[in-house]
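my questions are about this predicted structure, shown below with the sequence.
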Amino acid sequence: MSRMIGIDLGTTNSCMAVMEGGEPVIIPNAEGGRTTPSVVAFAKTGERMVGQIAKRQAVTNHDRTISSIKRQMGSNYRVSIDGHKYTPQEISAMILQKLKRDAEAYLGEPVTDAVITVPAYFTDAQRQATKDAGKIAGLEVQRIINEPTAAALAYGVDKEEAQKIMVYDLGGGTFDVSILDISAGVIEVLATAGNNHLGGDDFDECVVDYLVKQFRAENKIDLTRDPAAMQRIREAAEKAKIELSAMTATTVSLPYIAVGKNGPLHMEIPLTRAKFNDLTYHLVQATREPVNQAINDSGIPISQIGKVLMVGGSSRIPAVQELVQSITGSLPFKGINPDECVAMGACLQGGVLAGSVKGLLLLDVTPLSLGIETLGGVCTRVIERNTTLPIRKSQIFTTAASFQSSVDIHVLQGERPMAHQNKELGRFQLTGIRRAPRGVPQIEVTFSIDANGIVNVSAKDLDTGKAQEITITATSNMSQADIDRAVRDAQQYAQEDEQLKKEATARDHCEQLIYQAEAAMKSMEREAKARVAESVKNAKRAVRQKAPAEMNRAAEELEGVLREAGVTIDPNAQYHGSAARENPNDTVSDDAMDADFEEVDK
Amino acid sequence: MKNPFRREAPAPDERYEALEAEYKNYRRRTAEELQKSESAACRKAVLQLLPLYDDLETALRHECRDEAYRRGIEMVMANLVKSLENLKVRPMDSLGKCFNPDYHEAVGHVEDPQYRQEEIIEIVRTGFTMDDEVIRHAKVVVAN
């Protein structure tokens, strides 16, 4: 019988775990390491190397050594080796392949299924790429889950009473913070934020710089000119950093580090925790903003955050823990090895899926709103940002012009009200619409996002039954910084955008009435016709002037006149775009796929 | 008389089987780990002490005008190597050899025609084997 493993596929290091006797256990790799560097290399002979061995030869072979490929997942980036262009998925698959092999050797059984974790802000393209990587490696990826959620599972927070927690993940090269809501065994990601280029290596660099500077001041020698000395200093700096997490002072002792005029020179520099905190203060502070943003986005007041889980090696640094405590007032939780808890959580989820662990449910969220372009270049939102997944939502749209035989569905991602301000994820056409006046055809557009965050958009002509759909693979990633910027921009330009949107909406409304009026006028008596014509003229003028207030007034007037004349007007008509007219009377179907689902209150 | 009722043997419980297999593998693995644990502990201790070897090596590379003092350091080093040898720990002799990531870690790279392809031209930190297994990779500078 084959086993399922949980895999933390990290930017710098990967880790895997398996359920053994009901508990997650970390699987060491073939070299005995509990984590495996996420590095792939191609030897000059073409032989492939993965992990520590690839790292060891990186300096002699850097053109053919690939690290941090996770940053490229879901993008068009290609690695060209020996005439073959590798996608990021293929490179990641090589890492997964090694993990799979090593796991099988350790367990003595085949491993065919896995649960793999991804950052909470990963787009659908990035998630799909991760799933593909698993497939290429010969693994059936049962689920893609978010890293903070996995950490929460590892700590067993889901088994406690209802609470809201923060997951603070400071790894080798990236920082991510998330707010989770846990109740009745269901975990929901409320918000995420972070910094894609901040990690433990930056802390080491600060210490190295200090040591070099001190030595230069005392001995007038620049150690940066001696690569061998810098090697020793870097190692010593990392060692000192780690020691200062447990002790309040240490000494960096490197005998015979250089040669001076009068003989050998030694480095003997004391380093207190206080000094270390000083040197790295700006780095620790840099995590403050994302923490605050996540708390704001979640809508949960700080006082309600019950626990903070620390993930990632650098979360061991006392100054980091102090910062977290000062912001949230809670003592950070660090019971489980921070380098391993994500893999353990993934493994626990695998256990649930395999039926061996009781009832945990995961609800992840979309990082940005999704919608389609409608008349006037407006972005009509179908799924709100931070909506719990999985979700399926339908809305009925209609044609903007008479006898329109096809509609263009432009799928958009972002928070701005106008289509061109948001990112287009994809587009497709639904053709073969039966000739009819505008506003008559009924096109049902359904957005569905599965538990892994993969988006599927379909459009169905309810008359002909014809349907078309796409599964979204975005053309480029949005990093956490991009997402944060998109949200910030939307808030900043909210007023401006609101004005634009008002204008567009008013204009559509007016134009629609004008159209209906002109159609009705054909069969009116002279007197009524004259009254209507007058109102139509006013409305047309208002539209030319582009003043929303004017347009609304003229529209109201026209509506009144038409009603008097006995014309039935469609009061809800709001024609939109080459697809779409939003019909608010339409029943929005909303069935979650396999989980309890609640609308996130914003 | 033929028994009109024949009971089918109950289908084996898949989960029980899986658990049994898991348990067998666990026992095998634990027994192996127990055997290896003594050498694992030894390896851990040796790795902690090897930086002292490095410092002595660096010290000996420096000029020392006091002959007697220098001789003393040389003797300390020799005794250390002997103690390590007793634990089956031996330093690697990597200079001039061909770079092999199974044994070496490249920390520098130079292009120089006077050397062969992938030749190790400098040892930055000596590598060690224990019982012929690598316990610490040598940090080297590689040519070409």
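Looks like it came in fine.

give me the phi and psi for residue A:299.
In terms of degrees, to the nearest 10, the main-chain angles of residue A:299 are phi 80, psi 10.

whoops, residue B:89 was the one
Dihedral angles of residue B:89 (phi, psi; degrees, to the nearest 10) stand at phi -100, psi 120.

how deep is it tucked in, by neighbour count?
With neighbours defined by other C-beta atoms under 10 Å in any protein chain shown, the count for residue B:89 comes to 22. All C-beta atoms are positioned from the backbone trio N, CA, C, and that covers glycine.

close to chain A, is the longest helix anywhere in chain B?
The residue-count maximum for a helix in chain B (DSSP state H) belongs to helix B:14-61. Yes. Contact of helix B:14-61 with chain A (C-beta under 8 Å from any C-beta of the partner chain) involves B:14-15, B:17-18, B:21-22, B:25-26, B:28-29, B:55, B:58-59, B:61.

helices or strands up against that helix?
Judged by 3 or more C-beta pairs under 8 Å, 6 or more residues apart in numbering or on different chains; DSSP states H and E, helix B:14-61 is in contact with strand A:249-260, helix B:67-86, strand B:128-130, strand B:133-136.

low-confidence ranges in the chain?
No chain specified, so I'll use chain A. Across chain A, the stretches falling below the confidence threshold (pLDDT under 70) are A:1-2, A:355-367, A:386, A:388-389, A:451-453, A:473-484, A:486-487, A:490-495, A:497, A:569-602.

wrong chain, I was asking about chain B
Filtered on pLDDT under 70, chain B yields the residue ranges B:1-15.

redo the residues of helix B:14-61 next to chain A as CSV? Include neighbour count.
As requested, those are exported to CSV (neighbours: other C-beta atoms under 10 Å in any protein chain shown):
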residue, neighbour count
B:14, 9
B:15, 12
B:17, 11
B:18, 16
B:21, 15
B:22, 19
B:25, 16
B:26, 15
B:28, 11
B:29, 14
B:55, 16
B:58, 18
B:59, 18
B:61, 10
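
ok, so of those, who is nearest residue A:502?
The nearest member of the residues of helix B:14-61 next to chain A to residue A:502, counting by C-beta to C-beta, is residue B:15 at 61.9 Å.

relative to chain B, how far out is residue A:147?
Distance, residue A:147 to chain B, using C-beta to the nearest C-beta, to the nearest Å: 27 Å.

ok, that residue - contacts?
With C-beta atoms under 8 Å, 6 or more residues apart in numbering or on different chains as the criterion, the residues that contact residue A:147 are A:8, A:117, A:118, A:119, A:120, A:167, A:169, A:176, A:311, A:342.

nearest spatial neighbour of it, skipping sequence neighbours?
Nearest non-adjacent residue to residue A:147, counting by C-beta to C-beta, 6 or more residues apart in numbering or on different chains: residue A:117, 4.7 Å away.

got it, and residue A:422?
Residue nearest to residue A:422 in three dimensions, not counting chain neighbours: residue A:414, with 3.1 Å by C-beta to C-beta, 6+ apart.

what parts of chain A come near chain B?
Chain A comes close to chain B at residues A:1, A:20-21, A:49, A:53-61, A:106-109, A:227-228, A:231, A:255-256, A:259, A:263-264, A:356, as judged by C-beta under 8 Å from any C-beta.

could you point out which element follows the helix or strand hosting residue A:166?
Per DSSP states H and E, residue A:166 falls inside strand A:163-170. As assigned by DSSP H and E, the chain's next helix or strand after strand A:163-170 is strand A:175-183.

what's the angle between that next one and strand A:163-170?
Note on geometry: by axes from the mean of the first three to the mean of the last three C-alpha atoms, to 10 degrees, strand A:175-183 and strand A:163-170 are set 160 degrees apart in direction.

if we go by neighbour counts, what in strand A:175-183 is buried?
With burial defined by 16 or more other C-beta atoms under 10 Å in any protein chain shown, the residues of strand A:175-183 counted as buried are A:175, A:176, A:177, A:178, A:179, A:180, A:181, A:182.

so the third one makes contact with residue A:193?
The one in question is residue A:177. Yes. With contact defined as C-beta atoms under 8 Å, residue A:177 counts as touching residue A:193 (5.5 Å).

ok, back up a step: which parts of the strand holding residue A:166 are buried?
For strand A:163-170, the neighbour count (16+ other C-beta under 10 Å) marks A:164, A:165, A:166, A:167, A:168, A:169, A:170 as buried.

for stretch A:289-304, same thing?
Neighbour counts using 16+ other C-beta under 10 Å place A:290, A:291, A:293, A:294, A:295, A:297, A:298, A:300 of stretch A:289-304 among the buried residues.

could you give the angle of the longest helix of chain B to strand A:249-260?
Relative orientation of helix B:14-61 and strand A:249-260, computed by the same axes, to 10 degrees: 40 degrees.

quick check, nearest of the buried residues of strand A:163-170 to chain B?
If you rank the buried residues of strand A:163-170 by distance to chain B using C-beta to the nearest C-beta, residue A:170 comes first, at 26.5 Å.
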